[in-house]
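Colleague: I would like to see how this sequence folds:
(2 chains)
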Amino acid sequence: MTVVTRFAPSPTGFLHIGGVRTALFSWLYARRHGGRFLLRIEDTDRERSTEAAVQAIFEGLEWLGLVADAPPVFQTRRMARYREVIERMLAEGTAYRCYCTKEELDALRAAQMARKEKPRYDGRWRPEPGKTLPPPPPGVAPVVRFKNPAAGRLVVHDLIKGAIEFDNAELDDLIIARADGTPTYNFCVVVDDMDMGITHVIRGDDHVNNTPRQINILRALGAQPPAYAHVPMILGADGVKLSKRHGAVSAIEYRALGFMPEALLNYLVRLGWSHGDEEIFSRERMIELFDLSEVHKSPARFDMDKAVWVNHQYLKTADPAIVAPELDWHLRRIGVDPGQGPPLAAVILAQRERCKTLVEMAEKSAFFYVEPKAYHDKDAAKHLTADAAPLLEALSARLAALPQWTAPALHEAVNALAAERGVGLNKVAQPVRVALAGQAISPPIDQTLALLGRERTLARLAAAVKFVQNRQN
RNA sequence: GCUCCUAUCGUCUAGAGGCCUAGGACGGAGCCCUCUCAAGGCUUAAACCCGGGUUCGAAUCCCGGUAGGAGCGCCA
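Modeller: Got it, this is the predicted structure:
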């Protein structure tokens, strides 16, 4: 049997990071078993679903590389099919019409709560042998309810949580079609999973309580229920359900925060899953090792510090050709055109040890492409001093005459100057840093010079000398 | 209230009855290295929710508490 998994978000907002993790698990499981991963847009809630949200889902999944193996299924385009199945169930007696009004139902619920019972439909329109139903009241459009088995137990063999038992008596007759004829969530899910040939439903564990109902509907339809795996949700740092007030919850926000897609995936896969002491997993390695049976049953908290650490591991080791497009995106985002200046790959190699995120890398690398707006106050005060000016001038003259503009030659030139003047290397390097980068932070000075190029270097050294002189007057 | 789920350092986790004096990672503290910022190396503090049982032996199995979470919609 070929494994078929699916990710089924509802387009009512952004692509939630918790959703990304279940999508990742579904994707990995399919890949691991040579199966197929499908995408389904659950847009039956016309009120809240938006086209923008659909686009956000596509965009997020594409950035992360969690691509489906077939075009997405939209539930709103399957209404005819749902109606057909409802008619069939009505005809077969596994569903029935219920003429209760919302007001009646609200009153029922309130009464049950007052009696400290679990609120549930009392079955007043449920047909039973020997039971006489009241005549349908005029003017009430009926809903359709599923006729759930009244007795017996049902056990869900969850691939993550193990056996979970439910009493059918606990499950009431849920509505599968509204008064206006449109189908409801639990019903659509069942029909879609059946029609799409889903073999493994991997979803958030807020759905465990829906599972026995869905299995019962599937059985009523004569279909073989898929295997289920309910993954625990992701909590914020404070242990409360991850929400907007925790900062970034939308997957795409992590791009803006400076994450590499592979790093985000790596961090996410380690939340609730592990393989011994390994921390870093390439896509291939995840696919090779991932297994639902090793997914934790308990929820995990999102730890931004660790996520950033993982990101740094990727920046440090990834092929610069992979990082370059992302850095390009971030530089342009802050108004820097990396077209004129050193190749991005070379800058990445020089910067990646000291940058944990692409935001940081872009900020620290902008000076290779544009003039620093101003000197960092404290750094200028400390390093662009009267003592430093002559050193900058001397270095400038030396560099202007340097035959080879290469890191080793530049290294030699700077060292020689410091030695001749009898000062430590830092006495030269630090003022040069501020002159070139605007602040006392940059890659090793020889690399910085090599990347910046002769023309820009000489111009900025001259400007720094002028800056010192102006301040003295 | 009812149903269902969960429980190892601050956080993510290893742990399948003796290998546990509970291991790793992030973060913290300290030291070393060093032209800045980093990176790196070394050292260190830090946890089995509680109570019963089973067993020669329990973080691991069972029961009961406690705490947290999810669900109980003509939402998905």
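
Colleague: Which secondary structure elements does the helix or strand harbouring A:Lys382 sit against?
Modeller: Element membership for A:Lys382 (DSSP states H and E) is helix A:377-383. Secondary-structure packing of helix A:377-383 (3 or more CB pairs under 8 Å, 6 or more residues apart in numbering; DSSP states H and E): helix A:425-437. From N, CA and C alone the C-beta is placed, and that goes for glycine too.

Colleague: And RNA strand B, is the helix holding A:Lys382 touching that?
Modeller: No - counting by CB under 7 Å from any atom of the strand, RNA strand B is not contacted by helix A:377-383; separation bottoms out at 8.1 Å.

Colleague: cool, stretch A:173-188 as well?
Modeller: Yes - shown here: stretch A:173-188 in contact with RNA strand B (CB under 7 Å from any atom of the strand) through A:175, A:178-180, A:184-186.

Colleague: Endpoints of that stretch, how far apart?
Modeller: One end of stretch A:173-188 to the other measures 16 Å (CA to CA, to the nearest Å).

Colleague: can I assume A:Asn186 is in contact with A:Gln214?
Modeller: Yes - under the criterion of CB atoms under 8 Å, A:Asn186 makes contact with A:Gln214 at 5.9 Å.

Colleague: who's more crowded, those two?
Modeller: A:Gln214 (23 against 17; other CB atoms under 10 Å).

Colleague: What residues does that one make contact with?
Modeller: Each residue near A:Gln214 by CB atoms under 8 Å, 6 or more residues apart in numbering is listed here: A:186, A:189-190, A:193, A:225.

Colleague: Buried members of the residues you listed into ChimeraX, please.
Modeller: With 16 or more other CB atoms under 10 Å as the criterion, this ChimeraX line picks the buried residues out of the contacts of A:Gln214:
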select /A:186,189,190,193,225
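
Colleague: With respect to RNA strand B, which of the contacts of A:Gln214 is nearest?
Modeller: RNA strand B lies nearest to A:Asn186 out of the contacts of A:Gln214, by CB to the nearest atom of the strand, at 6.1 Å.

Colleague: Was I right to think A:Met194 contacts A:Ala220?
Modeller: No - using CB under 8 Å, A:Met194 makes no contact with A:Ala220, being 11.4 Å away.

Colleague: Which helix or strand lies directly C-terminal to the helix holding A:Lys382?
Modeller: Going down the chain from helix A:377-383, the next helix or strand is helix A:388-400, by DSSP H and E.

Colleague: For that following helix, name the packing helices and strands.
Modeller: Packing partners of helix A:388-400 (3+ CB pairs under 8 Å, 6+ apart): helix A:407-421, helix A:425-437, helix A:454-472.

Colleague: Centre-most residue in chain A?
Modeller: Central residue of chain A (CA atoms, centre = their mean): A:Ala251, 3.2 Å from the mean position.

Colleague: who in the stretch 1-150 of chain A is up against RNA strand B?
Modeller: A:10, A:12, A:42-45, A:48, A:75, A:100-102, A:105, A:109, A:113, A:116-120, A:143.

Colleague: Drop anything exposed from the residues you listed.
Modeller: Buried subset of these (neighbour count, 16+ other CB under 10 Å): A:10, A:42-44, A:75, A:100, A:105, A:143.

Colleague: Where does confidence bottom out across the residues you listed?
Modeller: In terms of pLDDT, A:Thr44 ranks lowest among these, with 85.

Colleague: show me the contacts for the nearest residue to it once chain neighbours are set aside.
Modeller: Distances taken as CB to CB, 6 or more residues apart in numbering place A:Gln75 nearest to A:Thr44, at 5.0 Å, with adjacent residues excluded. A:Gln75 makes contact with A:40-44, A:188, A:192, according to CB under 8 Å, 6+ apart.
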